[in-house]
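J.: kindly generate the corresponding structure for this input.
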Amino acid sequence: MTQLNHPAHSLLANLEGFRVEIDAARQRADIVLSNGPFNIISMTQREQLRLVFESLDADERVRVIVLRADGQHFSSGGDIRGFLEASPEHVSKLAWNVAAPTRCSKPVIAANRGFCFGVGFEISLACDFRLVTDTTFYALPEQKLGQIPGSGGSARLQKMVGITRTKDIVMRSRRIPGQQAYDWGVATECVPDAELEAATDRLVDELRAFSPIAQRTAKKLLNDTEDSPLSIAIELEGHCYSRLRSSNDFREGVEAFHAKRPPVFDGS
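T.: Next up is the predicted model:
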């Protein structure tokens with residue numbers, strides 16, 4: 001049999017600047033940035049993060065993924081010198097790597113405290129839920145380097161807050177505090193800094209209680225119809241609803257509702 005090789009084998013062998021923790025009992029995986037006080041994200045790390053998200057998406061032990069960081073700051077951004085050293089072909093893959101949380105079929109939570117700048121903000125925007133604190137600052141500071149966001153930051157932000165606020169953030173390299181991010185609809189929840197871990201735990205447990213197949217369907221539907229006309233979005237929603245009607249989880253949900261008991265979903 002022909003032996004196949006893939007770059008993923010070597011890239012996953014030695015994770016750079018982060019670690020992965022899996023709690024099978026809680027069906028939870030944590031991707032933890034751990035590269036010094038500011039958790040700078042290297043070029044190699046971006047590729048590794050993509051591969052880890054893809055691996056966890058296929059891991060049956062995991063229902064929910066949390067992206068968080070050690071220390072006071074989530075991430076001050078990318079390795080600036082790495083942009084000058086990387087080839088144009090390599091740089092062209094940055095947005096694809098950072099979009100890994102969006103492509104992942106499972107719920108992904110970003111727990112953001114302190115600085116969350118540049119690619120740190122961009123990968124958080126690619127997650128499904130963003131929890132912030134009174135220490136959080138979001139920013140896309142690339143204008144200060146004579147650049148623009150290159151990994152989907154301005155595009156995703158514009159979908160969330162509109163062109164006026166996005167121009168204010170991107171073109172002025174403005175830092176947006178956590179409470180303002182919540183008020184603008186960028187963050188899911190804003191909590192005191194000391195409560196970030198507890199808030200993350202609560203959200204993980206809440207998401208685990210739902211049907212895995214219904215959650216996968218909802219996430220894909222919402223992602224796929226973000227740019228669709230209303231009539232097409234409603235049509236696709238109807239097709240997804242119809243498919244779920246024949247699922248075991250839907251039957252279990254209906255039976256549990258009538259029996260006045262908690263449902264036990266198996267994801268089928």
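
J.: show me this structure divided up by domain.
T.: 9-209, 212-259 (the TED database).

J.: quick one: these as CSV, columns for mean neighbour count too.
T.: No exception for glycine: its C-beta is placed from N, CA and C like everyone else's. Output for the domains of the chain, formatted as CSV (neighbours: other C-beta atoms under 10 Å):
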stretch, mean neighbour count
domain 9-209, 18
domain 212-259, 14
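
J.: and those domains as CSV, adding distance to residue 2 and mean pLDDT?
T.: Shown next, in CSV, are these (distance: least, C-beta to C-beta, whole Å; pLDDT from 0 to 100):
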stretch, distance to residue 2, mean pLDDT
domain 9-209, 15, 94
domain 212-259, 34, 94
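
J.: can you lay out the ones you listed as JSON lines showing distance to residue 266?
T.: What follows is these, written out as JSON lines (distance: least, C-beta to C-beta, whole Å):
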{"stretch": "domain 9-209", "distance to residue 266": "12"}
{"stretch": "domain 212-259", "distance to residue 266": "6"}
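
J.: wait, residue 114 touches residue 134, no?
T.: No - in this structure residue 114 lies outside contact range of residue 134 using C-beta atoms under 8 Å: 10.6 Å.

J.: end to end, how far does stretch 64-75 reach?
T.: 21 Å (C-alpha to C-alpha, to the nearest Å).

J.: quick one: closest of the domains of the chain to residue 265.
T.: Nearest to residue 265 among the domains of the chain is domain 212-259; the distance by C-beta to C-beta comes to 4.7 Å.

J.: and that closest one, how far from the chain's centre?
T.: 21 Å (C-alpha atoms, centre = their mean, to the nearest Å).

J.: and it, how far apart are its ends?
T.: Start-to-end, domain 212-259 (C-alpha to C-alpha) is 21 Å.

J.: now swap in stretch 57-71 and tell me
T.: End-to-end distance (C-alpha to C-alpha), stretch 57-71: 26 Å.

J.: let me see the residues that make contact with it.
T.: Outside stretch 57-71, the residues that touch it by C-beta atoms under 8 Å, 6 or more residues apart in numbering are 22, 24, 27-34, 36-37, 39, 53, 56, 74-75, 101, 103-111, 113-114, 123-124, 127, 200, 204, 207-208, 212.

J.: hmm, 7 Å instead?
T.: For stretch 57-71, the external contacting residues (C-beta atoms under 7 Å, 6 or more residues apart in numbering) are 22, 24, 27-34, 37, 39, 56, 75, 101, 104-111, 123, 127, 200, 204, 207-208, 212.

J.: those residues in helices, which ones?
T.: Mapping these onto helices (DSSP state H) picks out 56, 101, 123, 200, 204, 207-208, 212.

J.: could I get those as a markdown table with distance to residue 6?
T.: Below are these laid out as a markdown table (distance: C-beta to C-beta, whole Å):
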| residue | distance to residue 6 |
| --- | --- |
| 56 | 18 |
| 101 | 22 |
| 123 | 23 |
| 200 | 33 |
| 204 | 31 |
| 207 | 31 |
| 208 | 32 |
| 212 | 28 |
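
J.: just give me the closest of the residues you listed to residue 234.
T.: residue 212 (24.4 Å).

J.: the closest one and residue 74, how far apart?
T.: When distance is defined by C-beta to C-beta, to the nearest Å, residue 212 is 27 Å away from residue 74.
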